[in-house]
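**Student:** Have a look; sequence and predicted model below, questions after that.
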Amino acid sequence: MTTATVRYFGRCPIKGCTTRRVVDGDTRMAVKIDDRWTLLNAYEYAGFTGERRRAFIASMRAHDLACGEHKAFLRWQPGRYSYNPDTACAPACEAATGPRCDCCCRGANHGGGHVVTLH
Ligand SMILES: [Zn+2]
Ligand SMILES: [Zn+2]
(Lines give C-alpha, C1' and ligand atoms only; values in the text may rest on other atoms or scores of the structure.)
(Ligands and ions follow the chains in the order given, each with its own letter.)
Protein backbone atom coordinates (compact mmCIF):
# COMPACT_ATOMS: atom_id res chain seq x y z
CA MET A 1 0.00 0.00 0.00
CA THR A 2 1.30 3.43 -0.86
CA THR A 3 0.23 6.63 0.79
CA ALA A 4 0.72 10.19 -0.35
CA THR A 5 3.60 12.06 1.20
CA VAL A 6 2.72 15.33 2.84
CA ARG A 7 5.34 17.77 4.07
CA TYR A 8 4.69 19.27 7.50
CA PHE A 9 6.18 22.38 9.01
CA GLY A 10 6.55 22.62 12.77
CA ARG A 11 7.23 25.66 14.86
CA CYS A 12 7.75 26.19 18.57
CA PRO A 13 4.61 27.73 20.09
CA ILE A 14 6.65 30.04 22.31
CA LYS A 15 6.59 33.58 21.00
CA GLY A 16 9.89 34.71 19.54
CA CYS A 17 11.38 31.22 19.41
CA THR A 18 12.95 30.39 16.06
CA THR A 19 12.86 26.60 16.38
CA ARG A 20 11.47 25.12 13.15
CA ARG A 21 11.38 21.57 11.82
CA VAL A 22 10.29 20.07 8.52
CA VAL A 23 9.23 16.44 8.10
CA ASP A 24 7.61 14.29 5.47
CA GLY A 25 4.59 12.37 6.72
CA ASP A 26 1.37 10.94 5.42
CA THR A 27 -2.07 12.49 5.02
CA ARG A 28 -2.98 11.73 8.65
CA MET A 29 -0.13 13.97 9.86
CA ALA A 30 1.73 10.86 10.91
CA VAL A 31 5.43 10.16 10.52
CA LYS A 32 7.23 6.85 10.79
CA ILE A 33 9.42 6.80 13.90
CA ASP A 34 11.16 3.61 15.03
CA ASP A 35 9.02 1.68 12.51
CA ARG A 36 5.79 2.96 14.03
CA TRP A 37 3.46 5.56 12.62
CA THR A 38 3.28 8.42 15.09
CA LEU A 39 0.86 11.32 14.85
CA LEU A 40 2.80 14.56 15.11
CA ASN A 41 -0.01 16.16 17.11
CA ALA A 42 -0.84 13.10 19.23
CA TYR A 43 -0.28 15.07 22.42
CA GLU A 44 -3.37 17.12 21.66
CA TYR A 45 -5.70 14.20 22.23
CA ALA A 46 -7.33 13.65 25.56
CA GLY A 47 -6.62 10.21 26.89
CA PHE A 48 -3.07 10.28 25.64
CA THR A 49 -1.66 9.83 29.11
CA GLY A 50 0.66 7.80 31.29
CA GLU A 51 3.12 5.50 29.60
CA ARG A 52 1.96 6.37 26.08
CA ARG A 53 2.44 10.03 26.73
CA ARG A 54 5.88 9.53 28.22
CA ALA A 55 6.91 7.34 25.29
CA PHE A 56 5.66 9.96 22.88
CA ILE A 57 7.58 12.76 24.57
CA ALA A 58 10.77 10.69 24.65
CA SER A 59 10.45 9.77 21.01
CA MET A 60 9.79 13.32 19.83
CA ARG A 61 12.76 14.59 21.81
CA ALA A 62 15.02 11.77 20.63
CA HIS A 63 14.27 12.67 17.02
CA ASP A 64 14.67 16.38 17.60
CA LEU A 65 11.02 17.08 16.81
CA ALA A 66 10.40 19.15 19.93
CA CYS A 67 11.85 22.48 21.02
CA GLY A 68 14.80 21.59 23.24
CA GLU A 69 15.04 25.09 24.58
CA HIS A 70 11.43 25.37 25.73
CA LYS A 71 10.67 21.66 26.20
CA ALA A 72 7.62 22.29 24.05
CA PHE A 73 5.92 20.27 21.36
CA LEU A 74 5.94 21.94 17.99
CA ARG A 75 2.76 23.06 16.25
CA TRP A 76 2.57 21.35 12.89
CA GLN A 77 0.83 22.33 9.73
CA PRO A 78 0.98 21.07 6.18
CA GLY A 79 2.63 23.16 3.48
CA ARG A 80 0.36 25.66 1.75
CA TYR A 81 1.24 25.86 -1.91
CA SER A 82 -0.12 28.34 -4.37
CA TYR A 83 1.00 27.64 -7.90
CA ASN A 84 2.51 30.59 -9.73
CA PRO A 85 3.90 29.38 -13.06
CA ASP A 86 5.65 32.71 -13.70
CA THR A 87 7.60 32.68 -10.43
CA ALA A 88 10.85 30.76 -10.68
CA CYS A 89 11.67 28.34 -7.88
CA ALA A 90 14.56 30.05 -6.06
CA PRO A 91 17.00 28.59 -3.51
CA ALA A 92 14.92 30.32 -0.83
CA CYS A 93 12.13 27.87 -1.58
CA GLU A 94 14.20 24.82 -0.75
CA ALA A 95 15.62 26.65 2.27
CA ALA A 96 12.19 27.60 3.63
CA THR A 97 11.14 26.57 7.13
CA GLY A 98 7.61 27.96 6.96
CA PRO A 99 4.65 26.43 5.14
CA ARG A 100 3.90 29.01 2.45
CA CYS A 101 5.16 28.47 -1.09
CA ASP A 102 4.30 30.80 -3.96
CA CYS A 103 6.41 29.64 -6.87
CA CYS A 104 6.20 27.32 -9.85
CA CYS A 105 7.26 24.11 -8.10
CA ARG A 106 3.88 23.47 -6.43
CA GLY A 107 5.73 22.75 -3.21
CA ALA A 108 7.91 20.02 -4.69
CA ASN A 109 11.09 21.73 -3.46
CA HIS A 110 9.62 23.73 -0.63
CA GLY A 111 11.47 23.18 2.63
CA GLY A 112 13.36 20.28 1.07
CA GLY A 113 16.65 21.46 2.53
CA HIS A 114 15.39 20.96 6.08
CA VAL A 115 13.53 17.68 6.01
CA VAL A 116 14.48 15.70 9.12
CA THR A 117 15.48 12.12 8.40
CA LEU A 118 13.52 9.74 10.60
CA HIS A 119 14.34 6.07 11.08
ZN1 LIG B 1 11.16 27.13 21.57
ZN1 LIG C 1 9.66 26.19 -5.26
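**Tutor:** Right, received. Where do you want to start? Ligands and ions are numbered 1, 2, ... in the order given.

**Student:** Low-confidence stretches in the protein?
**Tutor:** Applying pLDDT under 70 to the chain flags residues 1-2, 46.

**Student:** Just the helices from it, written as ranges.
**Tutor:** Applying DSSP state H to the chain gives helices spanning 50-62, 91-94.

**Student:** do you know which of those helices lies nearest ligand 1?
**Tutor:** Shortest distance between ligand 1 and these, using C-beta to the ion, is found for helix 50-62: 12.8 Å. Heads up, the C-betas are built off the backbone N, CA and C, glycines and all.

**Student:** For the helices of the chain, give me a markdown table that also has distance to ligand 2 and mean neighbour count.
**Tutor:** Rendered in a markdown table, the data for these read as follows (distance: least, C-beta to the ion, whole Å; neighbours: other C-beta atoms under 10 Å):
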| stretch | distance to ligand 2 | mean neighbour count |
| --- | --- | --- |
| helix 50-62 | 28 | 13 |
| helix 91-94 | 3 | 14 |
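
**Student:** Dump those to a markdown table, plus distance to residue 100.
**Tutor:** Listed next are the helices of the chain as a markdown table, based on distance: least, C-beta to C-beta, whole Å:
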| stretch | distance to residue 100 |
| --- | --- |
| helix 50-62 | 24 |
| helix 91-94 | 10 |
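
**Student:** how about the residues of the chain that lie near ligand 2?
**Tutor:** For the chain, the contact set with ligand 2 under C-beta under 5 Å from the ion comprises 89, 93, 103, 105, 109.

**Student:** can you tell me which two in these are farthest apart?
**Tutor:** Across the residues of the chain next to ligand 2, no pair lies farther apart than 103 and 109, at 8.3 Å, counting by C-beta to C-beta.

**Student:** and for the two, which residues touch both?
**Tutor:** With C-beta atoms under 8 Å, 6 or more residues apart in numbering applied, the overlap between the contact sets of residue 103 and residue 109 consists of 89, 93.

**Student:** That concludes my questions; thank you for your assistance.
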